[in-house]
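In: sequence first, then the predicted structure:
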2 protein chains.
Amino acid sequence: MSLRSMGVELHCRCIKTESKPIGRHIEKVELIPANSHCEETEVIATLKSTGLQVCLDPHAPWVKKVIQKILAK
Amino acid sequence: MSLRSMGVELHCRCIKTESKPIGRHIEKVELIPANSHCEETEVIATLKSTGLQVCLDPHAPWVKKVIQKILAK
């Protein structure tokens, strides 16, 4: 079974990140640790209204706050 | 476009959570805040070797540590 068929990305998925705090529009967040295919930790949010995926900066304070808030509920 | 077709789950996805710390086996983590369809925050990890998805307890200290470690890199 190839890595790709197991849903493992073979490259970075994010090109740029959303700088505006969009916490209340987020339906879910995916955290992808740096790995052999992408040296960057990637944070990908899915938006409530559109289902669109948006990359967030894992080091931005507002992103860390959004994630802490999700876990605190 | 129905919620379902936008990839929005219409119910909770987790029945039980993995209690054993499996941090080093995790390929990525999905955080789903409580919403109108599921009152619980859900944390779903995808495992490196198998691509299997495992539910984690958002309140377990080791889970919070894994997430902090991912964001710290």
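Out: The structure has been received and is ready for your questions.
In: so does the one helix or strand residue A:45 maps to get close to chain B?
Out: Using DSSP states H and E, the element containing residue A:45 is strand A:42-47. Yes: Strand A:42-47 lies within reach of chain B by Cβ under 8 Å from any Cβ of the partner chain, at A:43, A:46. Where you see a C-beta, it was placed from the backbone N, CA and C, and this is true even at glycine.
In: try stretch A:64-73
Out: Yes: residues of stretch A:64-73 contacting chain B under Cβ under 8 Å from any Cβ: A:64, A:67, A:69, A:70, A:71, A:73.
In: before we move on, back to that, centre of the chain to the strand holding residue A:45, how far?
Out: Distance of strand A:42-47 from its chain centroid, counting by Cα atoms, centre = their mean, to the nearest Å, is 3 Å.
In: in it, what counts as buried?
Out: Of the residues in strand A:42-47, A:42, A:43, A:44, A:45, A:46, A:47 count as buried by neighbour count, 16 or more other Cβ atoms under 10 Å in any protein chain shown.
In: may I see the residues you listed arranged in TSV, with pLDDT as well?
Out: Below are the buried residues of strand A:42-47 laid out as TSV (pLDDT from 0 to 100):
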residue	pLDDT
A:42	96
A:43	97
A:44	97
A:45	97
A:46	96
A:47	95
